[in-house]
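1. based on what follows, work out the 3D shape:
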Amino acid sequence: MTLLSNKIEAVLFVSGKAVEESYLKEKLGATDKDFKEAVSELMTKFSGESGIHILRFNKKLQFATNPDYSKDVEAVLNPIKEKELTNAMLETLAIIAYKQPVTRIEIEEIRSVDCTYSVQNLMRLGLIEVVGRKETIGKPLLFATTDDFLKRFSISDISDLPDYETLLQKLQEITTSTPNVQVVEKPMFDTVEEVPDFLVDENVTKVE
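-> Down below sits the predicted model:
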């Protein structure tokens, strides 16, 4: 291991969250070539049966536990279990991933069902976020995926998304392999679009 890779390892360990690659290079005074080699060393070191893996997504780096040991980690730390992503939520998430930024109404036009509940839960799980408003009548909210989406489903960048069916299958496989709590899709009587705190004072007009 080189001195640079050791420094990057130390920074990622202390940070505990994703760190921009460009920021690391700047602060550590690393050339593109040296940085690439150092990251490659770390990706090799923290892989396979190692308890810690390195996630690389959206030009960021972050330490994460090896998913193979998730049940053991859960048994020891007993974290709060995440709600299971239903098929409806997975389909909604896949549509947002490909069409982003996209409004809830546009999602519903594709799925032909009310998606309010799915969108609300995906936001609560931190997989999607509001990125603005569409410049059209009513100015509906625009949704896009988050870095947490990329991390959870091991996708380096949105440009690396596979075809729709492959992505949907991948999402289903990952969520069903993780022990969690079942959530039942809400009936279609609730059509009120949830507004994040930072937009709560705005006059939102929903147009069907």
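
2. run through the residues that contact the spatially most central residue of the chain.
-> By Cα atoms, centre = their mean, the chain has its centre lying nearest to residue 149, at 1.2 Å. By Cβ atoms under 8 Å, 6 or more residues apart in numbering, residue 149 lies in contact with 93, 97, 127, 128, 155. C-beta here means a position set from N, CA and C on the backbone, and glycine is covered the same way.

3. the helices in this structure, which residues?
-> 3-15, 21-28, 32-45, 70-77, 87-99, 104-111, 116-124, 147-152, 164-176 (DSSP state H).

4. report the angle between the axes of the longest one and helix 3-15?
-> The reference is to helix 32-45. With axes from the mean of the first three to the mean of the last three Cα atoms, to 10 degrees applied, the angle from helix 32-45 to helix 3-15 works out at 60 degrees.

5. chain center to helix 32-45: distance?
-> 24 Å (Cα atoms, centre = their mean, to the nearest Å).

6. buried stuff in that helix?
-> Neighbour-count burial for helix 32-45, counted by 16 or more other Cβ atoms under 10 Å, picks out 34, 35, 38, 39, 41, 42.

7. okay, those in CSV with pLDDT and distance to residue 23 next?
-> CSV is the format used below for the buried residues of helix 32-45 (pLDDT from 0 to 100; distance: Cβ to Cβ, whole Å):
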residue, pLDDT, distance to residue 23
34, 93, 16
35, 94, 11
38, 93, 14
39, 93, 13
41, 93, 19
42, 93, 16
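
8. want to try a markdown table for the helices of the chain, with distance to residue 140 as columns?
-> Below are those laid out as a markdown table (distance: least, Cβ to Cβ, whole Å):
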| stretch | distance to residue 140 |
| --- | --- |
| helix 3-15 | 36 |
| helix 21-28 | 34 |
| helix 32-45 | 40 |
| helix 70-77 | 37 |
| helix 87-99 | 14 |
| helix 104-111 | 6 |
| helix 116-124 | 11 |
| helix 147-152 | 21 |
| helix 164-176 | 23 |
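
9. show me the one of these that comes nearest residue 59.
-> Among those, helix 21-28 comes nearest to residue 59, with 5.1 Å by Cβ to Cβ.

10. the closest one - contacts with which helices or strands?
-> helix 3-15, helix 32-45, strand 60-65 (3 or more Cβ pairs under 8 Å, 6 or more residues apart in numbering; DSSP states H and E).

11. using PDB, write out every CA atom in that helix.
-> C-alpha atoms of helix 21-28 as PDB (Å, rounded to 0.1, in the frame of the first residue of the first chain):
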ATOM      1  CA  GLU A  21     -12.800  12.400  -5.100                       C
ATOM      2  CA  SER A  22     -11.900  15.800  -6.400                       C
ATOM      3  CA  TYR A  23     -11.800  17.200  -2.800                       C
ATOM      4  CA  LEU A  24      -9.500  14.300  -1.700                       C
ATOM      5  CA  LYS A  25      -7.200  14.900  -4.600                       C
ATOM      6  CA  GLU A  26      -7.000  18.600  -3.900                       C
ATOM      7  CA  LYS A  27      -6.400  18.400  -0.200                       C
ATOM      8  CA  LEU A  28      -3.900  15.500  -0.400                       C
END
